[in-house]
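Participant: Have a look at this prediction, sequence included:
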Amino acid sequence: MTAGQSKVIEVPETISTFDEAKNLGTTEEGVAIFTRSQKASIGRLQPLKSGCLWFTFINYPRQSATTSPLLILTTALSVVEGIARTTGLQPLLRWPNEISLHGYRVAAVSVEMDVVNDLIARAFAGGGVYCNVKFDEIPADFRNENTSISAEVGGEVDEIQLLENILGSFRKEYELYKAGWRIELIDKIRDVMEFFKTTVNVTLSHGTQLIGYLEDLDELGRISFRVDQERIMLAPADVENVSVL
């Protein structure tokens, strides 16, 4: 299967499309691996029996490791745009790595990188989407946080068409990322951020909770977070969760 210029490989049930991508051993940029069933979660998006789409794109960006937050957001932006193009709905990007519809989590992304001499030599950019998940298949503990695209549009979505739209958006935004068009990318991301210029609760990766104002994004994709009179710059690796008060 191909989508545009990209080779697309479907795999049966797997532990993770990230593992499948790493084991592929290809040096070809833009190869995509996807499955409808995997056992590993992505962020806080849990694997379910059916109705999901899981994918990983293989890339060789050769960009500074300091741009890793922006690559994560570029991946999330492509999912936002892919869902919007497929459904006509407007998802939002919940910094740093989740996508929501009508206030509920519907997708999440992750990027795993090989860094050599401060350059991202290879990156596996991927994610998971609840496409046609039935409400009763979502674990009870997560039903007040998650939804599926089908639940929000009132009917099933074409998972292959969704993947093609996400991949098409990723190719376009990834080229901006590689070319150094950071301001243009950040402007697109700001336009679809869920909690932009809002007072939020931030749980840091070591467990500390902070309440403050999400002021802005810098050109690397870090948030400018104001707590009282102090401004803190936070990268995705610093944060476990962001939620509105």
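Facilitator: Right, received. Where do you want to start? Only a predicted model underlies this, so the values are computations on that prediction, with no experimental measurement involved. Numbers count the residues shown, from 1 in each chain.
Participant: what residue ranges in this structure are flagged as low confidence?
Facilitator: For the chain, applying pLDDT under 70 flags the ranges 1-5.
Participant: domains of it?
Facilitator: Annotated domains of the chain cover 2-191, 199-244 [automatic domain parsing].
Participant: is it possible to export those domains to JSON lines including mean neighbour count?
Facilitator: Backbone N, C-alpha and C define where each C-beta goes, glycine included. JSON lines is the format used below for the domains of the chain (neighbours: other CB atoms under 10 Å):
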{"stretch": "domain 2-191", "mean neighbour count": "18"}
{"stretch": "domain 199-244", "mean neighbour count": "15"}
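Participant: Which residues are in contact with residue 152?
Facilitator: 87, 89, 101-102, 106 (CB atoms under 8 Å, 6 or more residues apart in numbering).
Participant: Show only the entries of these found in helices.
Facilitator: Secondary structure from DSSP state H places residue 87 of the contacts of residue 152 in helices.
Participant: what's the distance between residue 208 and residue 48?
Facilitator: 31 Å (CB to CB, to the nearest Å).
Participant: hang on, the earlier thing: looking at the contacts of residue 152, which is nearest residue 191?
Facilitator: Residue 191 has its nearest neighbour among the contacts of residue 152 in residue 89, at 15.3 Å by CB to CB.
Participant: what's near enough to touch that closest one?
Facilitator: 83, 101, 149, 152-153.
Participant: One more: residue 11?
Facilitator: 17, 20, 33-35.
Participant: Where do the helices of the chain begin and end?
Facilitator: 17-24, 68-87, 149-153, 159-179, 182-191.
Participant: Distance of residue 55 relative to residue 116?
Facilitator: Taking CB to CB, one finds residue 55 at 25 Å from residue 116.
Participant: ranges for the strands of the chain?
Facilitator: 2-3, 6-10, 32-35, 52-59, 63-64, 92-94, 98-101, 104-116, 119-130, 199-204, 209-217, 223-227, 230-234, 239-244 (DSSP state E).
Participant: quick one: contacts for residue 132?
Facilitator: 50-51, 148-150, 156-157, 159.
Participant: Any figure for the gap between it and residue 121?
Facilitator: Applying CB to CB to residue 132 and residue 121 gives a distance of 36 Å.
Participant: same check, this time on residue 173
Facilitator: Residue 173 is 20 Å from residue 121, by CB to CB.
Participant: All good on my end, thank you.
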